[in-house]
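# here is the input, now give the coordinates:
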Amino acid sequence: MGHSMGAGEVLTLAGDAQHAELVGRVRGWILEGPLIGLGEEPSSLKVLAGRLAGRLLPRHQIRHVVPPEHLSRDPAVVESVRNDPLCHNTGTLEGMASLLDRTAMLSTGRVRLGEQVRSVLLAHGTQDKACSYDAAMKFLERQHAVGDRTAKPYEGAYHQLHADLCKDEFAGDLVDWILQRCEGGGTSDGSEVPPSPPPPPPPPEAKL
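The predicted model follows:
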């Protein structure tokens with residue numbers, strides 16, 4: 001499971017052909033508000049300047065603040081984020097350039113999921129101001145090789161579903177989705193789910 005930028009990293013791994021054997025051993029992939037497109041896209045000039053600066057001064061630190069009120073509709077959560085000393089909103093130019101490159105690969109379709117990806121759940125708030133809801137849904141629609149893919153929109157929700165007003169519904173949906181894909185699991189209405197095919201055997205141990 002990955003959230004936001006972490007979900008973008010999860011997808012990049014899942015779509016990487018050189019890790020296909022490992023990916024095929026994972027039963028399910030959960031994406032919460034994945035960073036496939038930014039909520040507010042920066043200008044192409046700003047992106048170009050940032051990438052150039054990232055090559056010249058990769059370790060230079062920059063500050064980028066995501067407004068806490070864009071993360072959740074819960075006022076208590078907003079205040080906790082605003083007052084959290086660990087939310088320093090600081091990164092390097094190199095890290096920002098990598099984030100932009102990965103996001104561009106996902107949004108333009110250069111990352112595609114193969115048949116080794118067994119199931120995907122995409123959960124996204126329709127009013128997410130940090131990551132693009134539309135870009136995420138379009139990405140999932142293009143993944144025709146994945147037979148078991150589920151899109152779950154949360155109407156009116158913001159970026160952090162796990163800390164938004166829909167957090168209980170979101171948690172319940174996660175549990176239900178996971179149990180349906182466990183051996184012998186069932187759905188909320190008590191019906192059984194056909195067993196999934198077994199994962200491929202692990203690679204043989206290397207001999208010294």
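# alpha carbons only for contacts and neighbour counts from here, please
Noted.
# point to the helix or strand of this protein where mean pLDDT is at its lowest.
Ranking every helix and strand in the chain by mean pLDDT, DSSP states H and E puts helix 44-56 at the bottom, with a mean of 72.
# where's the nearest residue to Glu155 once chain neighbours are set aside relative to Ala157, distance?
Closest residue to Glu155 apart from its sequence neighbours, by Cα to Cα, 6 or more residues apart in numbering: Thr126 at 5.3 Å. Per Cα to Cα, to the nearest Å, Thr126 is found 6 Å from Ala157.
# who's more crowded, the two?
Taking neighbours as other Cα atoms under 10 Å, Thr126 and Ala157 compare with Ala157 leading, 21 against 18.
# all helices of the protein, in order?
Under the criterion DSSP state H, the chain contains helices at 5-14, 20-23, 44-56, 75-82, 93-107, 133-141, 167-180.
# tell me the most buried of those?
Neighbour counts (mean count of other Cα atoms under 10 Å) averaged over each of these peak at helix 5-14, with a mean of 20.
# and Asp134, how far is that from Leu165?
Asp134 is 21 Å from Leu165, by Cα to Cα.
# mind checking how far the residue lying closest to Arg112 once chain neighbours are set aside is from Gly50?
Excluding the flanking residues, the one nearest Arg112 by Cα to Cα, 6+ apart is Gly15, at 5.3 Å. Distance, Gly15 to Gly50, by Cα to Cα: 26 Å.
# residues contacting the nearest residue to Arg51 once chain neighbours are set aside?
Once flanking residues are discounted, Arg51 sits nearest to Ala97: 5.4 Å by Cα to Cα, 6+ apart. Ala97 is in contact with 50-51, 54, counting by Cα atoms under 8 Å, 6 or more residues apart in numbering.
# mean pLDDT lowest where, among the helices of the chain?
Here the lowest mean pLDDT among the helices of the chain goes to helix 44-56, at a mean of 72.
# got the contact list for Arg59?
92-94.
# make a markdown table from those residues and add distance to Leu121 to it.
Formatted as a markdown table, the contacts of Arg59 follow (distance: Cα to Cα, whole Å):
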| residue | distance to Leu121 |
| --- | --- |
| Thr92 | 31 |
| Leu93 | 31 |
| Glu94 | 30 |
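# which of the residues you listed sits closest to Val111?
The nearest member of the contacts of Arg59 to Val111, counting by Cα to Cα, is Glu94 at 21.0 Å.
# grab the nearest non-local neighbour of that closest one.
Excluding the flanking residues, the one nearest Glu94 by Cα to Cα, 6+ apart is Pro58, at 4.5 Å.
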